[in-house]
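*Asks:* quick one, what's the 3D model for this:
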Amino acid sequence: MSTQRETHHIVVLGAGYAGMAAAVQLAARTRKRGDAVRVTVVNARERFTERMRLHMVAAGRPLDAMSVPEMLEGTGARFTRGWVTAVDAGARTVRVDDERVLSYDTLVYALGGVADTAAVPGAEDHAYTLSSPEDAQLLAERLKALEGGHGTVAVVGTGLTGIESAAEIAERYHRLDVVLLGGEEPGATMNDRAAAHVRAALDRLGVRVRIGADVVKVLAGSVELADGESIAADAVLWTGGTRVAPLAAAAGLETDARGRIVTDRALRSVSHPEVYAVGDAAAIRQGYGVMHGTCQGGMPTGVHAALSIDRVLRGKQPKPFRFGYYHTPVSLGRGDAVVQFTRPDDSPRRICLVGAVAVRYKETVTASPWPTYGRMKKMPASGAFWPRGGRFTRTRRIRGDK
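*Replies:* Residues are numbered from 1 along each chain as shown. As a prediction, this is how the structure comes out:
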């Protein structure tokens, strides 16, 4: 090679669960190299967003403030606050707030996803989401304004976020009528005992569940169903699906139908191997299919991307990423919960926890990321343990693998 940069610059876009795991791991593993490697973390806000608690924010419950720059202190990583507005994969640059340009040698793309309000007319204009703390706070203010009356809150989507949100709101605001709308029974992916507990908890809290309710339009004071029925709603919370920012596709990176970056087994972009994709922003294939976005899978992808980058910097080949799911914890208000244990492919096992013991388990899981980052700062290897999934995660070699 005729010329070579003195410093290898790694830029991490996004400081959510996966991005923070990657950033802390990278900084901890490369800080002894001094000026040879530099890590920069770009995020829209300094405060770490606990996505697993945003349904609590919507119900008016305050959360502890967790500072991304403070967590990165002592690691050598630099923090840049701002919105990522463009990525130029050819020039290897990132534009922040349309004003600053950062060059990179290696990029970790961890920008995550938001609620897919573009899927149904009116949702973008009239529905609330839990895509960010600010969005959750807007709903909290609306619910507070309705608290003295007898309004109706429609929660669209019977997945885990919809279940947790409906239960939290119903428990916090007893006078509001909460209706949960979706195509499947709440807890449909759980075993019979866990699903029955979910439904019993929603019944106890007064949540009305409408199954087979296909919302086709959201209006200022109602939602319209495919069968022509209109349901009045003073507030609509949209939890039906997610989408990712179009930045990756616009940059020329190969993406799937949902805009997620397609990766090889080491979590590198199949079209641009200097780009690693993690968390919700990545289409990561395992033996059971493409991973879906959860914290339990997101943090391991961030750690593995850091391990892969570190190996490449040391002249070694990265190892394939393997991950198997192991549980599905769901809160049902502050005093109840369900924990469904799963096989690596996320199918339900016979074992589940319900009630008070599930509440303690769920809280332990929800509170674990931040102290985990702290441990990784001192002992990076402590974050490199997760279920690999055995036969469920074995895949054939795919395009882009070395």
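*Asks:* which residues touch Val120?
*Replies:* Counting by C-beta atoms under 8 Å, 6 or more residues apart in numbering, Val120 makes contact with 215-218, 240. Just so you know, the C-beta spots here come from the backbone N, C-alpha and C atoms, and that holds for glycine as well.
*Asks:* and those, which of them are buried?
*Replies:* Neighbour counting by 16 or more other C-beta atoms under 10 Å classes 215, 218, 240 among these as buried.
*Asks:* how about low-confidence regions in this structure?
*Replies:* Per-residue confidence of the chain (counting by pLDDT under 70) places the weak regions at 1-5, 395-402.
*Asks:* who are the packing partners of the lengthiest helix in it?
*Replies:* Longest helix in the chain, counting residues (DSSP state H): helix 295-313. For helix 295-313, the elements it packs on are helix 17-30, strand 106-109, strand 275-277, helix 369-378, judged by 3 or more C-beta pairs under 8 Å, 6 or more residues apart in numbering; DSSP states H and E.
*Asks:* return the set of buried residues in it.
*Replies:* For helix 295-313, the neighbour count (16+ other C-beta under 10 Å) marks 295-310, 312-313 as buried.
*Asks:* wait, Leu160 touches Thr328, no?
*Replies:* Yes: using C-beta atoms under 8 Å, Leu160 is in contact with Thr328, at 7.0 Å.
*Asks:* what about the residue nearest to Thr294 when sequence neighbours are not counted, neighbour count?
*Replies:* Using C-beta to C-beta, 6 or more residues apart in numbering and skipping residues adjacent in sequence, the residue nearest Thr294 is Tyr325, 7.7 Å away. Tyr325 has 23 neighbouring residues, counting by other C-beta atoms under 10 Å.
*Asks:* and for Leu138?
*Replies:* By other C-beta under 10 Å, the residues close to Leu138 number 15.
*Asks:* identify the residues contacting it.
*Replies:* Applying C-beta under 8 Å, 6+ apart, the residues near Leu138 are Tyr128.
*Asks:* any idea whether it is helix, strand or coil?
*Replies:* Secondary structure state of Leu138, per DSSP: H, G, I helix; E, B strand; the rest coil, is helix.
*Asks:* against Val87, how distant is it?
*Replies:* 29 Å (C-beta to C-beta, to the nearest Å).
*Asks:* those helices in this protein, which residues are they?
*Replies:* Assigned by DSSP H, the helices in the chain fall at 17-30, 54-58, 68-72, 123-126, 133-146, 160-172, 192-204, 247-250, 295-313, 356-367, 369-378.
*Asks:* turn the ones you listed into TSV, columns for distance to Leu107.
*Replies:* Output for those, formatted as TSV (distance: least, C-beta to C-beta, whole Å):
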stretch	distance to Leu107
helix 17-30	11
helix 54-58	27
helix 68-72	18
helix 123-126	29
helix 133-146	26
helix 160-172	29
helix 192-204	40
helix 247-250	10
helix 295-313	10
helix 356-367	29
helix 369-378	21
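*Asks:* tell me which of those lies nearest to Pro273.
*Replies:* With C-beta to C-beta as the criterion, Pro273 lies closest to helix 295-313 of these, at 9.2 Å.
*Asks:* send me that closest one as PDB with only the CA atoms.
*Replies:* The C-alpha trace of helix 295-313 is given here as PDB (Å, rounded to 0.1, in the frame of the first residue of the first chain):
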ATOM      1  CA  CYS A 295     -33.200  -5.600  23.000                       C
ATOM      2  CA  GLN A 296     -32.200  -9.200  23.700                       C
ATOM      3  CA  GLY A 297     -31.000  -9.600  20.100                       C
ATOM      4  CA  GLY A 298     -29.900  -6.000  19.500                       C
ATOM      5  CA  MET A 299     -27.200  -5.800  22.100                       C
ATOM      6  CA  PRO A 300     -25.500  -9.000  21.000                       C
ATOM      7  CA  THR A 301     -25.400  -7.700  17.400                       C
ATOM      8  CA  GLY A 302     -23.700  -4.500  18.600                       C
ATOM      9  CA  VAL A 303     -21.100  -6.500  20.600                       C
ATOM     10  CA  HIS A 304     -20.500  -8.900  17.800                       C
ATOM     11  CA  ALA A 305     -20.000  -6.100  15.300                       C
ATOM     12  CA  ALA A 306     -17.400  -4.600  17.600                       C
ATOM     13  CA  LEU A 307     -15.700  -8.000  17.900                       C
ATOM     14  CA  SER A 308     -15.600  -8.400  14.100                       C
ATOM     15  CA  ILE A 309     -14.100  -4.900  13.600                       C
ATOM     16  CA  ASP A 310     -11.500  -5.600  16.300                       C
ATOM     17  CA  ARG A 311     -10.500  -8.900  14.600                       C
ATOM     18  CA  VAL A 312     -10.200  -7.200  11.200                       C
ATOM     19  CA  LEU A 313      -8.000  -4.400  12.700                       C
END
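*Asks:* tell me the gap between that helix and the middle of its chain.
*Replies:* How far helix 295-313 lies from its chain's middle: 16 Å, per C-alpha atoms, centre = their mean, to the nearest Å.
*Asks:* what does stretch 198-207 give?
*Replies:* On C-alpha atoms, centre = their mean, the centre of stretch 198-207 falls 26 Å from the chain's centre.
*Asks:* can you point out the buried residues in that stretch?
*Replies:* Residues of stretch 198-207 classed as buried by neighbour count (16+ other C-beta under 10 Å): 198-199, 201-202, 205, 207.
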